[in-house]
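Asker: Starting from these lines, generate the structure:
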Amino acid sequence: MTAAPVVVCPDCDGMAFTLEPCRCTTYGDRFLADADALGPRREAYRSCEQCRGAGSIAYPCYRCGRRGRRRAQLVVTVANLDTGAVASHQVVPGGLDPHRDPAGHWVVDLSFRVRELAAAVGAVLDETDAPSLWLDRQWRPDLPAALRHELEAQAILRADHAPWRLVLGRSTAPATVDPAARLARLCALADLLLLDLVVEARRQGEGFCWAIRYEVPGSPVPLGSPGWCRDLPEVLACTDVAKALTGLAERGLAAPARLLRPDSPRPPAGPAVDVDQLERRVLADCVDPTGGDELPGAQALWRDGRWWHTTLRAGEPVETLAEQPTGQVVRRVRVPVTRGYEPPDPAWLGELVDWRPCPDCRPHNRLRACDCRLGGRAADPDCPHCCGAGLRPSALHCFTCGDTDRLLRTVSVTVTDLRHRVVHLAWQAGTPEVAPLVATQPNGRPVVQLPDRYRLGSWAAVLGARPEDLRDADGGHDLDRDLRDGYVTVPWAGADPVREHVRAAGRGTAAGRLIVVAAPPDAPPLVELLRLALGLDLALVVAVCDLRHNAGDPLLADGLRWSVETKPRDAAVSPDDLPYRPSLAAALAWCRECLTDAVASAAPTNPATPIPVPWSGPRDLVADPEPDLLRLASRHAGQAVTVRFTRAGCAVHRHDDDAVRLLAEAPDLRDLRLT
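Answerer: Residues are numbered from 1 along each chain as shown. Model (predicted):
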């Protein structure tokens, strides 16, 4: 392996900080500025609260981590998930093989190297994350070696924001997505969940950007470009059910909340969809038939078992004022996009839900309830934050309503396995229910438990899932335990527990719709991630905490808590690294999602230490450590236990209060003898 040279950071010239123009220079010396009207170049705002009129600010150099020196090295690693084989290629000055592009520039394309690595490990890649290095115009093959290597180091440093890149593949090619089948499944699920499926094309430059998403009826058309896909088949290949549901609440915060009629006539199952015909119809709607200005785009909505087509038109401009950290105020004029035609309400949509305004925020501004009002107290007239008003500016969402500005009396809850089973519930405030007292909070507030129909964990069992597998369909976040088990902390004895439960369930939802997935996440096996970590010569850190003895106590966390992370081989176990995922599958799914970022962050921070260049042949799967982990957690119930797996073996640590204690080390977890 060629040694990686350490060079002076070109961004800060070795000073460990950079002098950058202040943000106030964007708009010049003016208090009120238009966002699209830039001020004179480099002119500072004399009353700037950041630079005090100097026009520039010193920032710590983030490229070198305030060290002043950087490592001129990139490493690209390809791993085969099915065999555990790993192959790597390092890029250092002197080891490049540049070629001229059609424009005459010298460029190093690493995609060829990535394909070689994939062939070496027998992997088929779905996509490659291989950077291209653009050499300075001064570079020539006949330059002296020292000057040539210096220019190559500068090209490497321009691409070192991710110095260690991991590309994952399988032994067989991934199944291709059939656009028609994917669209038919999305339509069928929209009918099952009682949602709209929106296919949108938005004009951008000379072409169009496409997006597919779920919406609740009444959601406005989002501002800005919907995505980057250039045609309908491409966006269908990139958008699965989870991605189509992500952002549902944000899109529908202002949509009116209405009851559902799940017993209404249902459309036929398995709709037949012609992708090409749908694409041509949406593109045709983007042309103004009157010959006027170009339309911003068009939409097709799947509702009530059929497509509804509408154009998108520019609405009335909306002016907003935004305060800047510099003390300036920037005026922005946005042109919203509206539908030219609104389809009729679906048959499954009922009457409007009663609601009252949220008392803890103000619509369309950043005023939120002040901390001096916590616990239901009156506003403190001497509060330094709100001066007795009870409201203060905040960038956070309103905790009471989740920025919907409404407290609903009814919330619609949908529990589904995202396949063919679904349960629609309606929880209404004021419904008399028998809710026995089960605990008392330290502040004296009573905790009650509602019947089974208010416990989402019970409905998960109806769909054949475990309560710990419940998660929010919008983003996949873990479900709150109170919603899972029906626990409610009421403000006083005799208060309506259903109203408090409805408020918690409807906080920040789209039109009062809470959609819950009752199915285990799509996660790789633990042994597969363990084999990959060993092949990369990293540590797989698995933490587990057995809290099953707290079952039935609403004031304490219960069940098993897991976390799975990939870390550098020599990284120490931190007291703050505690498990919090409700199931091993959820922890594995999160580890797999963050795997490439975890490998990138595993590069040594010291520029004098080179990035490892791992090579490893196929490996057999080791014995599944989950049973041993469960026995270990049960033996230390109530305390978090962390096991670090490396090529050298495994080490077991226990979290005691604020410290971490090493219990044992051994080549294999089954060989450990714990004291």
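Asker: Can you pull out the low-pLDDT segments for the stretch 451-600 of the chain?
Answerer: Applying pLDDT under 70 to the stretch 451-600 of the chain flags no residue at all.
Asker: what's the answer for the chain, then?
Answerer: Applying pLDDT under 70 to the chain flags residues 1-3, 38-41, 127-129, 264-271, 291-292, 375, 673-675.
Asker: Centre-most residue in it?
Answerer: Gly475 (6.8 Å; C-alpha atoms, centre = their mean).
Asker: Now it. Its backbone dihedrals?
Answerer: Backbone torsions of Gly475, given as degrees, to the nearest 10, read phi 100, psi -10.
Asker: That one is in contact with Glu250, isn't it?
Answerer: No - taking contacts as C-beta atoms under 8 Å, Gly475 lies outside contact range of Glu250: 9.7 Å. In short, each C-beta sits where N, CA and C put it, glycine included.
Asker: mind listing the helices in the protein by residue range?
Answerer: Under the criterion DSSP state H, the chain contains helices at 111-121, 145-157, 179-193, 232-238, 241-245, 248-251, 275-285, 456-462, 481-485, 497-506, 526-535, 584-593, 595-601, 626-635.
Asker: Take the ones you listed and lay them out in JSON lines including mean neighbour count and distance to Ala572.
Answerer: Listed next are the helices of the chain as JSON lines, based on neighbours: other C-beta atoms under 10 Å; distance: least, C-beta to C-beta, whole Å:
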{"stretch": "helix 111-121", "mean neighbour count": "17", "distance to Ala572": "31"}
{"stretch": "helix 145-157", "mean neighbour count": "18", "distance to Ala572": "29"}
{"stretch": "helix 179-193", "mean neighbour count": "20", "distance to Ala572": "45"}
{"stretch": "helix 232-238", "mean neighbour count": "19", "distance to Ala572": "39"}
{"stretch": "helix 241-245", "mean neighbour count": "18", "distance to Ala572": "35"}
{"stretch": "helix 248-251", "mean neighbour count": "20", "distance to Ala572": "39"}
{"stretch": "helix 275-285", "mean neighbour count": "16", "distance to Ala572": "53"}
{"stretch": "helix 456-462", "mean neighbour count": "19", "distance to Ala572": "37"}
{"stretch": "helix 481-485", "mean neighbour count": "20", "distance to Ala572": "31"}
{"stretch": "helix 497-506", "mean neighbour count": "22", "distance to Ala572": "39"}
{"stretch": "helix 526-535", "mean neighbour count": "22", "distance to Ala572": "17"}
{"stretch": "helix 584-593", "mean neighbour count": "21", "distance to Ala572": "19"}
{"stretch": "helix 595-601", "mean neighbour count": "17", "distance to Ala572": "15"}
{"stretch": "helix 626-635", "mean neighbour count": "16", "distance to Ala572": "20"}
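Asker: State the distance from the closest residue to Ala272 other than its chain neighbours to Asn606.
Answerer: In space, and not counting its chain neighbours, Ala272 is closest to Ala184: 7.1 Å by C-beta to C-beta, 6 or more residues apart in numbering. Remark: distance between Ala184 and Asn606 (C-beta to C-beta, to the nearest Å) = 54 Å.
Asker: One more: Val423?
Answerer: 55 Å.
Asker: Those two: which is more packed in?
Answerer: Val423 (17 against 11; other C-beta atoms under 10 Å).
Asker: ok, the more buried one - contacts?
Answerer: Thr414, Val415, Thr416, Trp459, Val462, Leu463 (C-beta atoms under 8 Å, 6 or more residues apart in numbering).
Asker: Widest-spaced pair of these?
Answerer: Greatest spatial distance among these (C-beta to C-beta): Thr414 and Val462, at 13.2 Å.
Asker: what comes into contact with stretch 391-410?
Answerer: Identification of contacts with stretch 391-410 by C-beta under 8 Å, 6+ apart yields 249, 253-254, 257, 259, 353-363, 366-370, 385-386, 426-430, 499, 502-503, 506-509, 512.
Asker: again, 7 Å this time
Answerer: 253, 257, 259, 353-358, 360-363, 366-370, 385-386, 426-429, 502-503, 506-508, 512 (C-beta atoms under 7 Å, 6 or more residues apart in numbering).
Asker: Filter those residues down to the buried ones.
Answerer: Using 16 or more other C-beta atoms under 10 Å as the burial test, the contacts of stretch 391-410 include 253, 257, 353, 355, 358, 360-361, 367-370, 386, 426-427, 429, 502-503, 506-508, 512 as buried.
Asker: now, which of the residues you listed lie within strands?
Answerer: Those of the buried ones among the contacts of stretch 391-410 mapping onto strands are Trp355, Leu367, Arg368, Ala369, Ala426, Trp427, per DSSP state E.
Asker: what pairs with the fourth one across the strands?
Answerer: The reference is to Ala369. Leu391 (DSSP bridges).
Asker: State the distance from it to Ser225.
Answerer: 35 Å.
Asker: Does Ser171 touch Val121 like I think?
Answerer: No - Ser171 is not in contact with Val121 according to C-beta atoms under 7 Å; the separation is 9.1 Å.
Asker: Quickly list what's touching both of those two.
Answerer: By C-beta under 7 Å, 6+ apart, the residues touching both Ser171 and Val121 are Asn80.
Asker: Ala123 reaches Asn80, doesn't it?
Answerer: Yes - taking contacts as C-beta under 7 Å, Ala123 lies within contact range of Asn80: 4.1 Å.
Asker: which residues are common contacts for these two?
Answerer: Contacts common to Ala123 and Asn80, judged by C-beta under 7 Å, 6+ apart, are Gly169, Arg170, Ser171.
Asker: wait, what's in contact with the last one?
Answerer: Going back to what we said before, that points to Ser171. Neighbour list for Ser171: Asn80, Asp82, Thr83, Gly122, Ala123, Val124 [criterion: C-beta under 7 Å, 6+ apart].
Asker: How about the second one?
Answerer: Neighbour list for Arg170: Asn80, Leu81, Asp82, Ala123, Val124 [criterion: C-beta under 7 Å, 6+ apart].
Asker: Let me know the distance separating it from Val124.
Answerer: Arg170 is 6 Å from Val124, by C-beta to C-beta.
Asker: Contacts only, for the residue nearest to Ala155 when sequence neighbours are not counted.
Answerer: Among residues not flanking Ala155 along the chain, Leu133 sits closest, at 4.5 Å (C-beta to C-beta, 6+ apart). Leu133 sits next to Val107, Val108, Ala155, Ile156, Ala159 when contact means C-beta under 7 Å, 6+ apart.
Asker: bridging residues for Leu133?
Answerer: Beta-bridge partners for Leu133, by DSSP bridges, are Val108.
Asker: Can you tell me how far it is from Arg113?
Answerer: Per C-beta to C-beta, Leu133 is found 11 Å from Arg113.
Asker: circling back to that earlier point, in the ones in strands among the buried ones among the contacts of stretch 391-410, find the pair that's most separated.
Answerer: Longest span within these, C-beta to C-beta: Leu367 and Ala426, 32.0 Å.
Asker: Might one say that Val330 is in contact with Leu32?
Answerer: No - contact criterion C-beta under 7 Å: Val330 and Leu32 do not qualify, at 8.1 Å.
Asker: Now do the shared contacts for Gly475 and Glu250.
Answerer: In terms of C-beta under 7 Å, 6+ apart, Gly475 and Glu250 are not both contacted by any residue.
Asker: which other residues reach stretch 645-659?
Answerer: Stretch 645-659 is contacted by residues 530, 533-534, 537, 539-540, 569, 573, 575, 578, 632, 636, 639-644, 660-669, 672, 674 when judged by C-beta under 7 Å, 6+ apart.
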